[in-house]
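Q: I need the structure of the sequence given here:
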Amino acid sequence: MSDAQRQVQEAIDHLVESGAETGMQVAVYEHGTLVVDAVAGRADPETGRPVTTDTPFFSASTGKSMTSTVAHILAERGVFTYETPIVEVWPESGAHGKQAATIRHALTHSVGVPGVPADTTPEDLCDWRKMCAAIADAEPWWEPGAKFGYHALTYGYIIGEIVRRATGKPISQILREVVSEPLGVADELFFSVPRAALGRLARLESGDEPMTDEQIKQFEEMMPLMFKAAPLAVQPSADLYNRTDFLTADVPSGGTVSARAVARLYAALLGEVDGVRLVSPERLRALAAVAVEGTDQVFGNHARMSLGYSLGRPSLNPSDSSTAFGWSGVGGSHASADTATGIALAVTKNRFTTTDFSTAAQIADIVTNALGER
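A: Residues are numbered from 1 along each chain as shown. Take a look at the predicted model:
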């Protein structure tokens, strides 16, 4: 057992034994080789079914890793370019002044449509055509490209519909064809989960106390645009993400993954993994570079993004992780790659915490320290 594997296993065992977590996976690739593959705890809190290395976890926005990667592979293959106007493949999307929006704008969350209709329900999220029609007809919050702000839900539909219009296939099928099957993880990397696989999934459980009406009101006052982007009925929760209709639908703002599978995806962006490389070195440099920086119009914080990924990674200590790109997911999951170190890291968990990313930060720091000492 490597030192990194031992340290990570000890850490996640402690997190589960202490009650801080219920079930976890951590996987790490270094220069294309799997060096950590650790699991702990229960995949299903009710039955006690244990987590295994191939257990898929719904991991919220960590699934945007797959959405963005599909877009880059199609760009690499000449299906479209980053500068292609979205209306060229999806004419209806140009309504209300959005005709100048490009695929680059979509990847950098700067199209200007981060919100879904206020009356959106969980059932609506599962209706692909309804959601895409609503986004196409939406009034932009800003001129495409003028600003950027996290498109929490709409990102997946925008990129997914671009993919569908350009290829004639749903993004879940393209993901399988160009990512999961070539990497040998077709049973561990999903947008829409096949019904036959539902019994293998981890079940999420809430790690937060239910918010009171007063707390909800305070949050709405503090971050009004966040609640416009994701109305209360479709705010992130363990209950929403455990729904069968949600899990079996294409909602590519999130995804269902094992840590091993999504870490393998990132490793294959960085370089070759068992003979498979997803993009060229030139494409990697383009997708990992800073593309937008400034104030996120939805959250109000300073943010930096590359083409389709957030820059940096969680850490308990202030650190320079500017060469890392990836996605964290509400609920506490994380996956990323570091172009400087060749390390691809993923953390999945089923104790669903909406604002606490300390577990992923702790694991990322352990991995960085353990592999940096070699």
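Q: could you pull out the helices for the stretch 201-350 of the chain?
A: For the stretch 201-350 of the chain, applying DSSP state H, counting those that start in this stretch gives helices covering 213-222, 224-229, 238-242, 244-247, 259-270, 281-288.
Q: which one of those is the most hemmed in?
A: Among those, ranked by average contacts under mean count of other CB atoms under 10 Å, first place goes to helix 259-270 (a mean of 28). Using the backbone N, CA and C atoms, a C-beta is placed for each residue, glycine as well.
Q: Relative to Glu76, which of the helices of the stretch 201-350 of the chain is closest?
A: Checking those against Glu76 by CB to CB gives helix 281-288 as the closest, at 5.3 Å.
Q: So which elements touch the closest one?
A: In terms of contact count using 3 or more CB pairs under 8 Å, 6 or more residues apart in numbering; DSSP states H and E, helix 281-288 is assigned the packing partners helix 64-76, helix 259-270.
Q: Tell me what angle that helix forms with helix 64-76.
A: Computed with axes from the mean of the first three to the mean of the last three CA atoms, to 10 degrees, the direction of helix 281-288 lies at 130 degrees from that of helix 64-76.
Q: okay, which residue is most central for this protein?
A: Here the mean C-alpha position of the chain is nearest to the C-alpha of Thr62 (CA atoms, centre = their mean), at a distance of 2.2 Å.
Q: hmm, back to that, format the helices and strands packed on helix 281-288 as JSON lines; extra columns: mean pLDDT and distance to Thr120.
A: Formatted as JSON lines, these follow (pLDDT from 0 to 100; distance: least, CB to CB, whole Å):
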{"stretch": "helix 64-76", "mean pLDDT": "98", "distance to Thr120": "19"}
{"stretch": "helix 259-270", "mean pLDDT": "98", "distance to Thr120": "27"}
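Q: can I get those in JSON lines with distance to Pro231?
A: Conversion of the helices and strands packed on helix 281-288 to JSON lines gives the following (distance: least, CB to CB, whole Å):
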{"stretch": "helix 64-76", "distance to Pro231": "20"}
{"stretch": "helix 259-270", "distance to Pro231": "28"}
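Q: mind listing what Glu21 touches?
A: Listed by CB atoms under 8 Å, 6 or more residues apart in numbering, the contact partners of Glu21 are Ile12, Leu15, Ala40, Gly41, Lys349, Arg351, Thr359.
Q: I'd like those written out as TSV, with neighbour count, pLDDT and distance to Ala186 added.
A: Rendered in TSV, the data for those read as follows (neighbours: other CB atoms under 10 Å; pLDDT from 0 to 100; distance: CB to CB, whole Å):
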residue	neighbour count	pLDDT	distance to Ala186
Ile12	27	98	26
Leu15	21	97	30
Ala40	23	98	25
Gly41	22	98	25
Lys349	33	98	23
Arg351	24	96	27
Thr359	24	95	28
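Q: Which members of the residues you listed occur in strands, if any?
A: Secondary structure assignment (DSSP state E) places Ala40, Gly41, Lys349, Arg351 from these within strands.
Q: My guess is the second one contacts Val16. True?
A: Same thing as Gly41. Yes. With contacts defined as CB atoms under 8 Å, Gly41 counts as touching Val16 at a distance of 3.9 Å.
Q: Which residues are in contact with each of the two?
A: Thr22, Gly23, Met24.
Q: which regions of this structure lie under the pLDDT threshold?
A: 208-224, 318-321, 373-374 (pLDDT under 70).
Q: hang on, the earlier thing: format the helices of the stretch 201-350 of the chain as CSV; extra columns: distance to Arg195.
A: What follows is the helices of the stretch 201-350 of the chain, written out as CSV (distance: least, CB to CB, whole Å):
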stretch, distance to Arg195
helix 213-222, 34
helix 224-229, 30
helix 238-242, 15
helix 244-247, 8
helix 259-270, 19
helix 281-288, 33
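Q: Right, I'll call it a day here.
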